[in-house]
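Undergrad: this one's sequence-less:
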């Protein structure tokens, strides 16, 4: 039982480190932030941070990985490598739900992404993580007869990203539910899914 409690405490501390690091990366700028500042804000030693993360870059990569999972885990929920229309619609709904439920995280994450040079720090890793998900979407659009499946995938991703960014910047009064329905309507093809 003691080991389980320690594991839970470690998981909570690791999440606290990630949350504080993201806030500090936004507040101070990623390149100016240090592990010493993060440790000080948490009231822990730098050594304790090193027990979870090797470097500041490791912290950034973990934050990016968390964002990618929040955004893309809804693609291919049964993990069979093939996307059906119902699964695409599930992904779109899941995407909107994730952005709404994690509004503060995404607000900080978008702010971090806009800092000069930060995207270059994780671009390669992001592509590695997201490519398999994107390939599933490309295959789906190819099977649906899209003229340019890669462009259709980019369009969907850009549209979702743009809607999310607008919602994050101005959540009060933004018609997020209407936007969600508009996107769903664009991709509903079978009569049984129509309202």
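TA: It's in. For clarity, every value in this text was computed on a predicted model and none was experimentally measured. Residues are numbered from 1 along each chain as shown.

Undergrad: any idea which residue is closest to the centre of this structure?
TA: residue 67 (2.5 Å; C-alpha atoms, centre = their mean).

Undergrad: got the contact list for it?
TA: 105, 106, 109 (C-beta atoms under 8 Å, 6 or more residues apart in numbering). Bear in mind the C-beta positions are built from the backbone N, C-alpha and C, glycine included.

Undergrad: restricted to strands, list the residues you listed.
TA: Per DSSP state E, strands hold no members of these.

Undergrad: which one of those residues is nearest to residue 56?
TA: Nearest to residue 56 out of the contacts of residue 67 is residue 109 (C-beta to C-beta; 16.3 Å).

Undergrad: now for that closest one: which residues touch it?
TA: Residue 109 sits next to 22, 63, 67 when contact means C-beta under 8 Å, 6+ apart.

Undergrad: quick check: which element contains residue 57?
TA: helix 56-72 (DSSP states H and E).

Undergrad: just to check, residue 125 is in contact with residue 61?
TA: Yes. Counting by C-beta atoms under 8 Å, residue 125 touches residue 61, with 5.6 Å between them.

Undergrad: more neighbours: the two, which one.
TA: residue 61 (18 against 15; other C-beta atoms under 10 Å).

Undergrad: residue 90 touches residue 77, doesn't it?
TA: Yes. Residue 90 is within contact range of residue 77, at 6.1 Å (criterion: C-beta under 8 Å).

Undergrad: so for the two, which sits in the more crowded spot?
TA: Neighbour totals were compared for residue 90 and residue 77, and residue 90 leads with 17 against 13 (other C-beta under 10 Å).

Undergrad: pLDDT value on the more buried one, please?
TA: For residue 90, the model assigns a pLDDT of 93.

Undergrad: also residue 77?
TA: Reported pLDDT for residue 77: 85.

Undergrad: give the contact list for it.
TA: 87, 90, 91.

Undergrad: go on, residue 31?
TA: Per C-beta under 8 Å, 6+ apart, neighbours of residue 31: 115, 117.

Undergrad: about what we covered before: the helix holding residue 57 - what's its average pLDDT?
TA: On average, helix 56-72 scores 89.

Undergrad: if we can go back for a sec, specify which member of the contacts of residue 67 is nearest to residue 82.
TA: Nearest to residue 82 among those, with distances taken as C-beta to C-beta, is residue 106, at 28.9 Å.

Undergrad: what about the closest residue to the closest one other than its chain neighbours, how many residues nearby?
TA: The spatial neighbour of residue 106 that comes closest, neighbours along the chain excluded (C-beta to C-beta, 6 or more residues apart in numbering), is residue 168 at 5.0 Å. The local packing of residue 168 (other C-beta under 10 Å) involves 20 other residues.

Undergrad: and residue 168, how far is that from residue 50?
TA: 32 Å (C-beta to C-beta, to the nearest Å).

Undergrad: can you show me the helices along this protein?
TA: Applying DSSP state H to the chain gives helices spanning 2-28, 35-42, 46-50, 56-72, 85-101, 103-113, 118-143, 149-169, 176-187.
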